[in-house]
Structures are given as structure tokens and as C-alpha cells.
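>>> sequence first, then the predicted structure:
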There are 2 protein chains.
Amino acid sequence: MKIAILGFGVVGSGAFEVLEGAGYEVKRVLDIRPHEELGDKLTSNYDDILNDNEISVVAEAIGGLEPAHTFVVKALKAKKHVVSSNKHLICTYYEELHALAMENGVTIRFTSSAGGGIPWLYNLRRSARCDEINKIMGIMNGTTNFILDAMISDGSDFDEVLKEAQRLGYAEANPSADIDGLDTARKTAISSSIAFNTIIKEENVDIFSLRFIKKCDIDYITTRLGMTVRYLGFGVKGEGGISAFVEPTCLPKNALESNVTKNNNMISLFGRDVGRLSFFGQGAGKYPTGSSLAQDVIDIVNGSCELEFAPCDIKVDNSACQRRYYIRTSANVNYDFFDKLEVIDSNKYIITKNITVSEMHRVANEIRALDENAFFAGIEE
Amino acid sequence: MKIAILGFGVVGSGAFEVLEGAGYEVKRVLDIRPHEELGDKLTSNYDDILNDNEISVVAEAIGGLEPAHTFVVKALKAKKHVVSSNKHLICTYYEELHALAMENGVTIRFTSSAGGGIPWLYNLRRSARCDEINKIMGIMNGTTNFILDAMISDGSDFDEVLKEAQRLGYAEANPSADIDGLDTARKTAISSSIAFNTIIKEENVDIFSLRFIKKCDIDYITTRLGMTVRYLGFGVKGEGGISAFVEPTCLPKNALESNVTKNNNMISLFGRDVGRLSFFGQGAGKYPTGSSLAQDVIDIVNGSCELEFAPCDIKVDNSACQRRYYIRTSANVNYDFFDKLEVIDSNKYIITKNITVSEMHRVANEIRALDENAFFAGIEE
């Protein structure tokens, strides 16, 4: 059983080194850039891989939707197993790719698409086989955790920490996917789809951006509430359906997540039988994510090819989950679900009563129309 | 592929419910006690299982060395896969049972023998396939973590918290295996054997008991050192060999372990490629441990049967690892590796320079001969 890797960037080259180092032969690598160290293994023609009957596992590390989607579909149709680290691809085509894999009697695995080096999705799937998962929750984005940790430790404000993160390579020149939550939302959608055996798309995930957080929020949350704050994705199973959302979240200082520093990740599942299981590690990087991609490949080479995919018809409904919220705004607002309102330096610091996630996100849009800098955070007790 | 469970106690009955609930048929259960709810599945005669060719996986949840050892050996020789939650058995017969499994072309798995519901050993083995594990470390015993957490939160002393733990069922009437470290030492030995691909026995693990800790130690460690304390097992790969030890350990307050409260467990591996991976969950209990046993069974039923077992010849040597130590004693002692010595209320509070684990345990015996209540803790910076 021989292996091909598509894309020889950070993750692809990491996976290549891990696989070869562990004695697994990577027969071909697809890349349009020259890589002399790859010698004859390198090709820029995908047909060299597709038509090679010795290659039975294709590891996709190109990223983005195209040409990754076309390549993966072709691989599955050619009855080759597929492994991918591409959260955008998996989140968008979860249903199609699973169905195609089933149809062709092969496996598709994508542990490295969420949580980087953490075997999160792998263990989530393993737990979901025989347990009932009631909730998933986690720090799934290293950039935003680096920013929050630095703001809390150093007392710095958002903009300066973001610049520092960009300087260190922890944040991109255009940081929107991280700080506005799309990255976490995609990982939340994939995780929730596995946890609850259904199809959750990124557009089903309600998002509060992190970019509006200020030093005054950190001060209020840490000092007045005695809590800390992290940027978390949630999938929650309720009687009315599945809630999926990404929100800055106030947590007790002794919560596990409160001691997750720097750009690390921690993701948890809550099972009927097993209780809470949490997984901590590096959420990105050449060797962490590369080794996670490699592990999925090795599982397949070792004969682990579970094929079940029969998503149930459970709907996404963010009115199925209630929580309290922290709001900071300069606008004049007054809602009957406010529990506590404190005015400091022209800012209103508000703690709500329990309110549904969907209602809070609707109201937040009203408030943001009056105050474009308003900040919203859920409260995880 | 049908399943038999040996022992219908807490873990065995938990695994039974999890397996049947997930649609996996448990054909027979071995127990000498009556269990009407099991009907015809129950037998007290092991031959009913051994001679049943339909049964190809035997899950052992009897505990202790005999008859568990005899039963497991017979199952392997009958070419049945074996799953076990029995740390005493696995720790004692690791080499024999692996070799027997290899010889008979079957698998032996024992994820639930350390970490309860946490898929720790499972993921450790998966990581070790293609990564180099440099260290494992963890809270592997819920009783001692419950005691330390309560001492730190409530300011109570050891004896009263132990009594409370016994009242709540978190500690046994004879708590020695937990508080004197044997339970953690066995889990450390099994974990280190997998991590470093070698054979580590419980007698290779140096242990400092937790039973000598007092309120004054908690006060000194939390207030004067600004740290917290947990009871940890360690396996460390050094140039000279593997160090394996169990010690009360001072940790920074922002360490992940410092927020592991109550009777929870957290165990970590440090890999060359993946960096630090930590796993948190319930370390004991009917459904957590039962589901972990069930998961190993399901892996085998699903065709995941890795057979490699070729331990390398790497020696155990606790002089291969250095750390600093905290010592509290009333004896008059003076060693040149002391870095700081403070006398409060006739107690000497000592911080050492870096010293090898083996040297510290040798010296600790000298000190304990003078002061039977002396307390020793490693310092994890």
C-alpha cells in the first residue's frame, strides 16, 4: 500500500518527513513548485498519481477548495483512500466526500483538519461510536488564544498584541479568518458533524468576532467577574436540535481552558458514558499537523478503514441552547433579559440572564447597529 | 466476531452495557456470582468461553493476578484476542502476554488499565508508532488528586481529607495502593513501556509516598513557592536510559495539571514531532472505565489488530534524570546540594539544586531514618 502526498507546503512536507522517518514509503508528491530533494518522487501531473495502481492512499495538503476538491473526488472515484488536513474542503463537502468514499469502498479521514497535532477528531469519532456525545467545546485557534493570553498576562490592548502575533508569524497579514471566527467556525462545524452524526455547515454556526475585545473587557472579566476569557467553538445537543456557535467566552479561573496559554489548543467532548474528555496540544505547525496527517495515513495502511456514514436528520437550531452573556457597549440599550448593568467611564457592562444563543446573536446585531465597537462574550459557568 | 467478558463487577458490567447499547453482542459473561439479568449469557465455567469458537474477543475485568493471568494466557493460546482493564496483570506480565499474543497472531489491548475513561494508552501507542516520545507525565490516580485538591481548596489536613474521601467512596478502607503510590507506579510502568518500547516493571519505579504531606507543606508550596502540588508519575527518556518515578510534584500555578480538580486525571506525552499532547478525563468509574474497555473491544471487532511487539534493550536508570526537590523535615540534615533552607516552627523547608532522581531517593531514605514524617516533592518548572 503506497502513499501519495498532494501539496509540499508546511503540512505536506511535515507529513512526508514523518512518514518516511517511520518507514512508510511516500511514492509520489504532487507540487507545481520545484523540490530537488524529492527527486523522481515529485510530479506536477496528478494523473501520475491517479493512474498508479500501487498508490492506494492519497494525502491532500493543498488547502483551499480548488484544485483540492477535484483531486480528492478523483482519488475517491479511483478507489483510493483519502486523508486531508483541509478544513475548508471538509467543511464544505463533508456530505459529498463521505458518500463518495462509501460508494467506492474506501475511507476518508481528516483528523488534522481541526486541532492540528491533537488527535481530536480521531478520538471524537472513536467516542461517538458507542457513546452519546452531548457537547463539544474548545479552543481551536492558536492565533486568538495567543492574543487573549498576551492581553491577560501583559495588560496589552488587542491591536498591539495582534501586531506582535503578526510579527512572530502567529497571525496572518489579513487576520480576519482567525479573529473573526471563520477558522474556529469551520472546525466547530466539522467537530459537531462527527459528534452528532449529522451535517453542519459553516453557515449554521453563529459567530461573535474577537476583534472588538479591549483591555477594559479583560479588566472587567478578570477583576469584577473573577473569570478569564477564551475564544471557543461550541456544539451542543439539546432537545430542540443542535446548537453550534463561536464566541469569546468567560470561564472560571480554575477551568482547564484558563491554563491553556500561548497558541495552544484544547478541545473537549462530553459523553453520556465517558463524561468529559479533553485533548490539549499544538493546534498548528509543520510537525504537529504533519504528524497528525501522517497518523491518519498509517491507520489506513494498517488496515483501519471504518466505512459507516449515515447522518441522522437532526436540525441545527441555536434557539435550543441557553446561556448568560457579558456585553460591553457605549450605546443606550435596555432589554428585559439584563440581569446586571454597571456603567464605568461611559461604557455599559452588562450581564444577561439566561438567553438563547440565537436570540443573543439577533440582539447583538441591533446593538452593533448603534455601537460598532460593542463586545459580546458568552459565560460558561 | 463475538465477545465474552470475564468478571461482572463495576468495570465488567459497565463494558457490558456500553457494548450491548452500541449493538455489539456479548455472548457470554464469566462470573461466580449470580446475575439474573444476564440469563443464559452467564457462566461460571471458563471452558464455556474457551471452547466457543464464535467468541474471538475476551475482555478481562476480574482484576488481580489470579485467576486473571491463567484465563488470559488460555485465551491467547486459544487464538482469541484479549482486552484487559487490569493494571496489576499487565504490569506484571507485559512481556509474556505480548509475546504470547504475537505467537498466536492475536492482539492484546489494555487502554483501560491506566487513565480509566481516558484513551491515554491507546493514543500513546498511536503516537509512538511514528514519533519519538521523550517524556510521559501525569495525574493517574483520582484518590490522591481528590485529596490534594481538597487540601489546597479547603486548607484541610491530610488525615481529615482522607477520611472524607473514604466516606465518599473515593478512597478505599486500606488506601495504601493509592496514597503510597503503587497504583500510579503500575500505570507509570505500563505507560513508560509503551512510550519507550521497552519493558519497565513496577519495581523499577522509584516512589515518594503522598501520605507524609501536611497542611504546612501546602502552605509553603502555595504561598512561599507560588506553586501548587499534584501527585504525578513520570517516565523520562535520557541519554543514559529511562527514568521512571512517582512523586508529589510542585508545579507552576498556570500548569494544566494545576487546574485538574477533584478525582480527575490528566496524562501527557511529549513527542519530538507532535510536541506536548495532554489527555484529561475521569480516571475511574463504571461507565468511564467500562467504555474504555468496550472501545478496545470495538477496535478489534472493527479489524484493528496491530501486532508489532519488539521491545528494545534500553535500560531503566533513575540517575539519567535530574530535577530540583522540595523537602520538609524536622531532622538535622545538611547536604551540599541544598540551595535554600528556611526554618519555620522547627521544620526545615529545603529547596535542592538539580539532583538525580536516584540520588534523591537514596538521600530521602537517610533522612527518613532520622525523621519518619519527612516529606519530599519534585519540582517541575
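Done, it's in.

>>> any idea which element the residue nearest in space to the middle of chain A lies in?
By CA atoms, centre = their mean, chain A has its centre lying nearest to A:Lys187, at 2.5 Å. In the assignment (DSSP states H and E), A:Lys187 maps to helix A:182-196.

>>> can you pull the buried residues of that helix?
A:182-196 (16 or more other CB atoms under 10 Å in any protein chain shown). C-beta here means a position set from N, CA and C on the backbone, and glycine is covered the same way.

>>> from those, which are also near chain B?
Taking CB under 8 Å from any CB of the partner chain as the test, chain B is in contact with none of these.

>>> just give me the closest of the residues you listed to A:Leu210.
A:Leu210 lies nearest to A:Thr184 out of these, by CB to CB, at 9.1 Å.

>>> how is chain A partitioned into domains?
A:2-117+A:288-301, A:130-282+A:321-379 (automatic domain parsing).

>>> export these to CSV and tack on mean pLDDT?
Supplementary listing: those in CSV, determined by pLDDT from 0 to 100:
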stretch, mean pLDDT
domain A:2-117+A:288-301, 97
domain A:130-282+A:321-379, 97
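
>>> chain center to stretch A:263-280, what's the gap?
Here stretch A:263-280 is found 14 Å from its chain centre; the criterion is CA atoms, centre = their mean, to the nearest Å.

>>> tell me if it is near chain B.
Yes - under the criterion of CB under 8 Å from any CB, stretch A:263-280 makes contact with chain B via A:266, A:268, A:271-280.

>>> endpoint to endpoint, that stretch covers what distance?
Terminal residues of stretch A:263-280 lie 11 Å apart, using CA to CA, to the nearest Å.

>>> now do stretch A:55-71
For stretch A:55-71, the end-to-end distance is 14 Å (CA to CA).

>>> what lies in contact with it?
The contact list for stretch A:55-71 (CB atoms under 8 Å, 6 or more residues apart in numbering or on different chains) reads A:1-9, A:11-12, A:15, A:27-28, A:30, A:46, A:49, A:72, A:75, A:80-86, A:88-89, A:92-93, A:293-294, A:296-297, A:300-301.

>>> extract the CA atoms of stretch A:22-42 and return them as CSV.
The C-alpha trace of stretch A:22-42 is given here as CSV (Å, rounded to 0.1, in the frame of the first residue of the first chain):
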residue,chain,number,x,y,z
ALA,A,22,8.7,5.9,10.3
GLY,A,23,9.4,3.6,7.4
TYR,A,24,6.3,4.3,5.3
GLU,A,25,7.1,4.9,1.6
VAL,A,26,5.7,8.0,0.0
LYS,A,27,5.9,7.1,-3.7
ARG,A,28,4.8,10.4,-5.2
VAL,A,29,4.4,14.0,-4.2
LEU,A,30,2.3,16.4,-6.3
ASP,A,31,3.5,20.0,-6.3
ILE,A,32,3.9,22.6,-9.1
ARG,A,33,7.0,24.1,-7.4
PRO,A,34,10.4,22.5,-7.8
HIS,A,35,11.8,20.4,-4.8
GLU,A,36,15.1,18.9,-5.8
GLU,A,37,15.2,16.9,-2.6
LEU,A,38,12.2,14.9,-3.8
GLY,A,39,14.0,13.6,-6.9
ASP,A,40,11.8,11.4,-9.0
LYS,A,41,9.0,11.3,-6.4
LEU,A,42,7.9,14.8,-7.4
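
>>> with adjacent residues omitted, what lies nearest to A:Glu54?
A:Lys2 (4.6 Å; CB to CB, 6 or more residues apart in numbering or on different chains).

>>> nearest to chain B: which residue in the stretch 51-200 of chain A?
A:Cys130 (3.6 Å; CB to the nearest CB).

>>> count the residues that sit near that residue.
By other CB atoms under 10 Å in any protein chain shown, the residues close to A:Cys130 number 20.

>>> spit out the contact partners of it.
A:273, B:18-19, B:21-22, B:24, B:291, B:294-295, B:298.

>>> biggest separation within those, which pair?
For the contacts of A:Cys130, the farthest-apart pair by CB to CB is A:Asp273 and B:Tyr24; their separation is 13.8 Å.

>>> more neighbours: which of these two?
Neighbour count, other CB under 10 Å: between A:Asp273 and B:Tyr24, A:Asp273 has more, with 25 against 20.

>>> what about that one, distance to A:Tyr220?
The spacing between A:Asp273 and A:Tyr220, counted by CB to CB, to the nearest Å, is 39 Å.

>>> where's A:Gln166, which helix or strand?
helix A:158-167.

>>> after that helix, which helix or strand is next?
helix A:176-179.

>>> so which bits of that next one are buried?
Neighbour-count burial for helix A:176-179 flags A:177-179 (criterion: 16+ other CB under 10 Å).

>>> quick one: contacts of the following helix or strand past the helix holding A:Lys187?
Of the helices and strands lying after helix A:182-196 in sequence (DSSP H and E), the nearest is strand A:206-207. Contact partners of strand A:206-207, identified using CB under 8 Å, 6+ apart, comprise A:180-182, A:184-185, A:244-247, A:318, A:357-358, A:361.

>>> turn those into a markdown table, columns for distance to B:Ala331.
As requested, the contacts of strand A:206-207 are arranged in a markdown table below (distance: CB to CB, whole Å):
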| residue | distance to B:Ala331 |
| --- | --- |
| A:Asp180 | 61 |
| A:Gly181 | 59 |
| A:Leu182 | 62 |
| A:Thr184 | 55 |
| A:Ala185 | 60 |
| A:Ala244 | 60 |
| A:Phe245 | 59 |
| A:Val246 | 57 |
| A:Glu247 | 55 |
| A:Asn318 | 63 |
| A:Val357 | 60 |
| A:Ser358 | 66 |
| A:His361 | 64 |
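
>>> A:Glu132 touches A:Arg272, doesn't it?
Yes - if you go by CB atoms under 8 Å, A:Glu132 and A:Arg272 touch, sitting 4.1 Å apart.

>>> these two: which has the busier surroundings?
A:Glu132 (16 against 13).

>>> how about the contacts made by the more buried one?
So A:Glu132 contacts A:271-273 (CB under 8 Å, 6+ apart).
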